[in-house]
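>>> sequence below, structure please.
(chains A and B)
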Amino acid sequence: MNALKPLFTGRAFVIAVPLVFLLLFFLFPFFIVGKISVSEMDNVVFKDVLTYTDGVLSLALRFNNYIFITEDALYFKTYLASVKYAAATTVLCLLIGYPFAYFMARAKPTQQPALLMLVMLPFWTSFLLRVYAWRGLLTEGGWVADTLIALGLDQLLYSLGLISTPGKLMHTPFSLVLGMTYSYLPFMILPLFGNLAKMDLRLLEAAADLGATPWTAFWKITVPLSKAGIIAGSMLVFIPCVGEFVIPELLGGPETLMIGRVLWDEFFSNNDWPMASSVAVVMVLLIIVPLAIFNKYQAEAQERAR
Amino acid sequence: MMRGTSVSFNKWFGRSWLGLGYFFLYVPIVALVIYSFNDSPIPNQWRGFTLKWYAALAKDQEMLAGLWLSLKIAFMTACGSVVLGTFAAFALVKYKRFFGRTVFSGMVNAPLVMPEVVVGLSLLLMLVSVQRALGFPERGLFTIWLGHLLLGMAYAAVIIQSRLQDMNPQLEEAAMDLGAKPHQVFWLVTLPLIAQSLLSAWLLTFTISLDDVVLSAFLSGPGSTTMPLVIFSRARLGLNPSVNAVATLIIVVVAIGVVLASYGIARTERKRQREMADATRH
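Numbers count the residues shown, from 1 in each chain, chains lettered A, B, ... in the order given. Purely as a prediction, here's the structure:
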């Protein structure tokens, strides 16, 4: 009994420290945001929802912000555009990242650490600076802009509606999605690689022995087995992209409004904290389902690893 | 014959795909570095070699003050994240069942994907409410640190967790059987075994903190402008050679640091495995 006691307190301590930290600084702040989103602005500060003056307790809940968000077409369009760009980024990351992770996982085991390291290295160097680098590459005179224009690909992008004037690549949906795909590609590759590297290759041999072509074996065995990696990678790309701020600000333009920028402007330019809070609440509602899927797969992956 | 050609085609295709992928990942970085030596105020039009942007950087008070603040915050964040991340990873790996475990693991993982604007806004609004009630904390180094800690802890927990899962639990059990107390088991057995994951987590959270714009923007106060905020405000206005010069310095430092650290980790790992093999042979 005595031997168990320090073990128990040690256990409680180990759980309590991170739990209290997260409750206090992660979960609790969301309730504050919820509260402020239904309060009114009083000159420069927001009013308390509950006030107690002259012995009267009054509760003032204002849903104006939410009504405004649902009625104003601009907000609706912006939410829709955010989801659209995030989805396009996720699909592009998957199309580039899946074969990439697949070939990495099938490379010689001695080469794999180096290949992995080369994916991680850009991930370690500043995200902000790599986004900024695209600005240099895509403005007139930049390497990528010159190459694309010389190849006539700007005409193709124009006919696809991704840029509004041929020859001008910056501040367009094209530059935005390119920047997001570039920045989030390692987040897709890493979980996929982790998943594909662990696959039992004997399954493919068995499939080949039973007469399956490599292509059939790939679609019927490799892809279904890597489902967890696909989902984890897609959520790691999609969810943060919906609320992305830095990339739309540096690479996007007036036509590529995204919700992260709207929230930022409400907060920093308009100083409208309740409105910024309402935008944040609606954003969280938008990503809550993907977030739940992500957590479920993350937890399952951790269970399986044991 | 058919099979032979398709195998070599696969090999060729795989290599080109990887090559193009790495090309895509590295082009912007190479461009940043090259144009930092460009003798032209417009960074993407080459006019000749110069080091003047580096010389200008040495006198750039705004950037230097930002760098100093960022380094302090990054150091504190890395240390705090590793401690909190270790606790969180332990709780999730060692204790399979406790009240609120699902919510707990959700909260540990959520900052990895939660848009930073939401995390930054909510943390700021809470801190403002606390400040109104209690008079502290002032916005600045401390509040930025709290925000970065939230993000860093999530990354640290993921890294340490995967190491703890790979660890052979029999080593800890053996120590217990030999009469070690739980805290002795932790300090003498577990910690040395997870030490390299702690180092990776420390380095990663350091760089994440050094790079963060959004959380810092929400949580900084007057006079506490971190380096990424300085860079961001310049980058917003257009291309700026000083940003290229800073970028090159950061890339060089990080590349050297990461290569050295992974070399060291690989070496200690080999040594450890050799020792383990020796120990089990006897």
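
>>> report how many residues lie close to residue 263.
Because you didn't say which chain, this covers chain A. Neighbours of A:Leu263 under the rule other CB atoms under 10 Å in any protein chain shown: 26. (Glycine included, C-beta is placed from N, CA and C.)

>>> ah, no, chain B please
Applying other CB under 10 Å, we find 10 residues neighbouring B:Tyr263.

>>> try A:Val17
17.

>>> and what of B:Ile159?
B:Ile159, neighbours per other CB under 10 Å, totals 23.

>>> okay, it: pLDDT?
Note on B:Ile159: pLDDT of 90.

>>> quick check, it in contact with B:Ala201.
Yes: B:Ile159 lies in contact with B:Ala201 (CB atoms under 8 Å); the separation is 4.5 Å.

>>> any shared contact partners between those two?
B:Gly85 (CB atoms under 8 Å, 6 or more residues apart in numbering or on different chains).

>>> grab the nearest non-local neighbour of B:Phe136.
Among residues not flanking B:Phe136 along the chain, B:Val130 sits closest, at 7.8 Å (CB to CB, 6 or more residues apart in numbering or on different chains).

>>> who's in contact with residue 113?
If you meant another chain, say so; for now it's chain A. B:Ala266.

>>> the intended chain is chain B.
A:235-236, A:239-240, A:291, A:294.

>>> which stretches in chain B count as helices?
For chain B, the helices defined by DSSP state H occupy B:2-35, B:52-58, B:61-94, B:101-113, B:116-134, B:141-166, B:169-177, B:182-185, B:191-211, B:214-219, B:227-237, B:241-281.

>>> so which of the ones you listed is the most packed in?
Of all those, helix B:214-219 has the most neighbours on average by mean count of other CB atoms under 10 Å in any protein chain shown, namely a mean of 26.

>>> quick one: mean pLDDT over that one.
Computed over helix B:214-219, the average pLDDT equals 93.

>>> excluding its backbone neighbours, what's nearest the closest residue to chain B within chain A?
Using CB to the nearest CB, the single residue of chain A nearest to chain B is A:Gly243, 2.2 Å away. Using CB to CB, 6+ apart and skipping the chain neighbours, the partner closest in space to A:Gly243 is B:Pro115 (2.2 Å).

>>> against B:Gln61, how distant is that neighbour?
Distance, B:Pro115 to B:Gln61, using CB to CB, to the nearest Å: 33 Å.

>>> please apply the same query to B:Leu204.
Using CB to CB, B:Leu204 is found at 30 Å from B:Gln61.

>>> check B:Val103 too.
46 Å.

>>> what about B:Gly100, how many residues nearby?
For B:Gly100, using other CB under 10 Å, the count is 12.

>>> so B:Gln165 sits against B:Leu92, correct?
No: contact between B:Gln165 and B:Leu92 fails when scored by CB under 8 Å: they sit 9.4 Å apart.

>>> quick test: name the residue nearest the centre of chain A.
By CA atoms, centre = their mean, chain A has its centre lying nearest to A:Pro240, at 2.1 Å.

>>> you'd agree that residue is up against B:Val118?
No: counting by CB under 8 Å, A:Pro240 stays clear of B:Val118, with 10.2 Å between them.

>>> mind listing what the residue nearest to the centre of chain A touches?
With CB under 8 Å, 6+ apart, A:Pro240 has these contacts: A:184, B:113-116.

>>> again, 10 Å this time
A:86, A:89, A:180, A:183-184, A:187, A:260, A:287, B:112-116 (CB atoms under 10 Å, 6 or more residues apart in numbering or on different chains).

>>> for B:Leu121, which non-adjacent residue is spatially closest?
Here the residue nearest B:Leu121, using CB to CB, 6+ apart, is A:Ala280, at 5.3 Å.

>>> helix, strand or coil for the one you found?
Counting by DSSP: H, G, I helix; E, B strand; the rest coil, the backbone at A:Ala280 sits in helix.

>>> number of nearby residues for it?
29.

>>> same deal with the one 3 residues further on?
As a burial measure, A:Met283 scores 23 neighbours (other CB under 10 Å).

>>> ok, it touching B:Pro115?
Yes: here A:Met283 reaches B:Pro115: they are 6.7 Å apart, a contact under CB atoms under 10 Å.

>>> show me whatever sits in contact with both of the two.
Jointly contacting A:Met283 and B:Pro115 under the rule CB under 10 Å, 6+ apart are A:82, A:242-243, A:259-260, A:263, B:121.

>>> dump those residues into JSON lines; add secondary structure, distance to B:Arg274 and pLDDT as well.
Converted to JSON lines, these look like this (DSSP: H, G, I helix; E, B strand; the rest coil; distance: CB to CB, whole Å; pLDDT from 0 to 100):
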{"residue": "A:Ser82", "secondary structure": "helix", "distance to B:Arg274": "52", "pLDDT": "93"}
{"residue": "A:Val242", "secondary structure": "helix", "distance to B:Arg274": "48", "pLDDT": "93"}
{"residue": "A:Gly243", "secondary structure": "coil", "distance to B:Arg274": "47", "pLDDT": "91"}
{"residue": "A:Ile259", "secondary structure": "helix", "distance to B:Arg274": "53", "pLDDT": "91"}
{"residue": "A:Gly260", "secondary structure": "helix", "distance to B:Arg274": "50", "pLDDT": "92"}
{"residue": "A:Leu263", "secondary structure": "helix", "distance to B:Arg274": "53", "pLDDT": "92"}
{"residue": "B:Leu121", "secondary structure": "helix", "distance to B:Arg274": "51", "pLDDT": "94"}
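
>>> and which of those residues is nearest to B:Ala235?
The shortest approach to B:Ala235 among these belongs to A:Gly260, at 16.5 Å (CB to CB).

>>> do you know how far the nearest residue to the closest one once chain neighbours are set aside is from A:Ile259?
Nearest residue to A:Gly260, sequence neighbours excluded (CB to CB, 6+ apart): A:Phe245, at 3.8 Å. Going from A:Phe245 to A:Ile259 by CB to CB gives 9 Å.

>>> got any residues that touch both of the two?
In contact with both A:Phe245 and A:Ile259: B:115, B:117, using CB under 10 Å, 6+ apart.

>>> by proximity to chain A, which residue of the stretch 101-250 of chain B wins?
Closest point on the stretch 101-250 of chain B to chain A, by CB to the nearest CB, is B:Pro115, at 2.2 Å.

>>> make sure that residue is actually in contact with A:Arg261.
No: B:Pro115 lies out of contact with A:Arg261 (CB under 10 Å); the separation is 11.5 Å.

>>> below-threshold pLDDT in chain B: ranges please.
For chain B, the stretches with pLDDT under 70 are B:1-7, B:43, B:281-282.

>>> do the same with chain A
Checking chain A against pLDDT under 70 turns up A:1-9, A:40-61, A:302-306.

>>> nearest residue to B:Gln196 other than its sequence neighbours?
Counting by CB to CB, 6+ apart, B:Gln196 lies nearest to B:Ile265, which is 4.7 Å off, once chain neighbours are set aside.

>>> ok, the one you found to chain A distance?
According to CB to the nearest CB, to the nearest Å, B:Ile265 and chain A sit 10 Å apart.

>>> coming back round to it: okay, now the residue nearest to A:Gly243: neighbour count?
Residues near B:Pro115, counting by other CB under 10 Å: 26.

>>> A:Asp209 is nearest to which of the helices of chain B?
Among the helices of chain B, if distance is taken as CB to CB, the winner is helix B:2-35, at 13.6 Å.
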